[in-house]
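# Model the following, please.
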Amino acid sequence: MRRYLFFVNQPYSYSILRPLQDEIRRRGDEAAWFVAGCSTAPLRPDERRLKTVREVMGYSADATFVPGDWVPYFFPGIKVEVFHGMARNKRGHSSEDESDHYRIRGWFDLYCTHAAGDTDKFQALAEQHQHFAVAHTGWPKLDPLLSQPHEGRRHRAKGDLPVIFYASTFSRSVTSAPALVDKISELAASGRWKFIVTLHPKMDPSVVQRYRSLACNNLRFIESDEDLLPILPEADVMLCDTSSIMFEFMFLDRPVVTFRTRMPGPYLIDVDKAEELEPALEKALECPESLMTSARSLCDDLHSYRDGCSSARVLNSVDDFLANKKAGLRSKPLNLLRKLKVRRRLRRELKLFDERR
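Numbers count the residues shown, from 1 in each chain. Here you go, the predicted model:
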């Protein structure tokens, strides 16, 4: 029986890793969670939590799965990068975002990639560095979404209001949340729309409170530690800015409207002014063919698989790595300074967690 560890540093990690846990359990293997730097509240009663580094060392996992860009290098087992989002496509994405996605920090043994394009790039880096391997697996987070049939447009009974899922990132340079709070309040109060609203866990708390206070019959506020994936199909349209959740929503074959996005393209409708928002939402509800065709093409670029079996491919790739690839790799670079910083960061994250409790 294999043992696996999930390293969680951000609330979004739970929904990425749970499909892996489901597949691990289906195979009769074991999984445990180690949380540093964010709340453990989303953990369920049947999910095993390791509370200390000593417990992690004693658990001695065969592999640790990481949706972020760092992991304590001294944890037992191989370190597997599964990513917190899909690879940024060059169309409309900044070179800075893309280069960060492909930055090799020396922590990981295996990178589990999502599409042909990012697989090729990581494979080239693997040949250059020779201390990690790459497997084209798909993203576990999408398994629950892709394993269920979706018909594109959401069926609405006569008289049902269209539902808009609004999600915003936290960076002050790109977030739309402060600029749209009054307009979203107005539209929800108009009786013409319903909203589901969620904000990034790092969003300015004062902005979060403004949106939380808008909750009413036509506006439902979702806290940042809730699993958003099961809620996405409830919406007809997504309203966003530069958050990668817009790409996840596109896999439902439904339209996206953005406000001053840094990732423009023919696969979404972007507006620059709050007064342009309602006409854009109305246009999106019509699902223009050119818009939807472009969004489908982008989804093909971002994720190769539609079978909902990426978690199984990830675990199979771990088995293959341990049996056939691990022994042929070079040792990772010493990275003494980085390792010192990781130890300090881990202590800091655990201390912050204790203080928040």
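
# got the residue ranges for the strands in this structure?
Taking DSSP state E, the strands of the chain run over residues 3-8, 30-35, 63-66, 78-81, 110-113, 133-136, 163-168, 194-199, 219-222, 237-240, 256-259, 269-271.

# for those strands, which one sits closest to D143?
strand 110-113 (12.8 Å; CB to CB). Any C-beta I mention is one placed from the backbone N, CA and C, and that applies to glycine too.

# what would the strands of the chain look like in TSV with mean neighbour count and mean pLDDT?
Shown next, in TSV, are the strands of the chain (neighbours: other CB atoms under 10 Å; pLDDT from 0 to 100):
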stretch	mean neighbour count	mean pLDDT
strand 3-8	24	98
strand 30-35	21	97
strand 63-66	26	98
strand 78-81	23	98
strand 110-113	26	98
strand 133-136	21	98
strand 163-168	24	97
strand 194-199	23	97
strand 219-222	19	97
strand 237-240	26	98
strand 256-259	24	98
strand 269-271	20	98
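
# Let's have those strands in TSV, adding distance to V174.
Formatted as TSV, the strands of the chain follow (distance: least, CB to CB, whole Å):
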stretch	distance to V174
strand 3-8	25
strand 30-35	28
strand 63-66	25
strand 78-81	25
strand 110-113	25
strand 133-136	30
strand 163-168	9
strand 194-199	13
strand 219-222	20
strand 237-240	10
strand 256-259	10
strand 269-271	12
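
# the domain parsing of the protein - what is it?
With automatic domain parsing as the criterion, the domains of the chain are listed as 3-145+307-356, 163-302.

# Which one of the ones you listed has the poorest average confidence?
Across the domains of the chain, domain 3-145+307-356 has the smallest mean pLDDT, namely a mean of 91.

# how distant is that one from the center of its chain?
Offset of domain 3-145+307-356 from its chain centre (CA atoms, centre = their mean, to the nearest Å): 13 Å.

# Stretch 7-18: end-to-end distance?
Terminal residues of stretch 7-18 are spaced 12 Å apart (CA to CA, to the nearest Å).

# ditto for stretch 245-260
End-to-end for stretch 245-260, by CA to CA: 16 Å.

# Ok, stretch 125-137 next?
End to end - CA to CA - stretch 125-137 spans 17 Å.

# And for it, what's in contact with it?
With contact meaning CB atoms under 8 Å, 6 or more residues apart in numbering, stretch 125-137 is reached by 102, 104, 106, 108-116, 119, 122-123, 304, 310, 313-314, 317, 320-321, 325-326, 329-333.

# Got a PyMOL select line for the buried ones in those residues?
Those of those that count as buried under 16 or more other CB atoms under 10 Å are selected in PyMOL with:
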select buried, resi 108+109+110+111+112+113+114+115+119+122+123+304+310+313+314+317+321+325+329+332
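
# In helices, which of the contacts of stretch 125-137 fall?
116, 119, 122-123, 310, 313-314, 317, 320 (DSSP state H).

# who's in contact with the closest residue to W107 other than its chain neighbours?
Nearest residue to W107, sequence neighbours excluded (CB to CB, 6 or more residues apart in numbering): V71, at 5.2 Å. With contact set as CB under 8 Å, 6+ apart, V71 has these partners: 7, 64, 79, 107-108, 342.

# Thanks a lot, see you next time.
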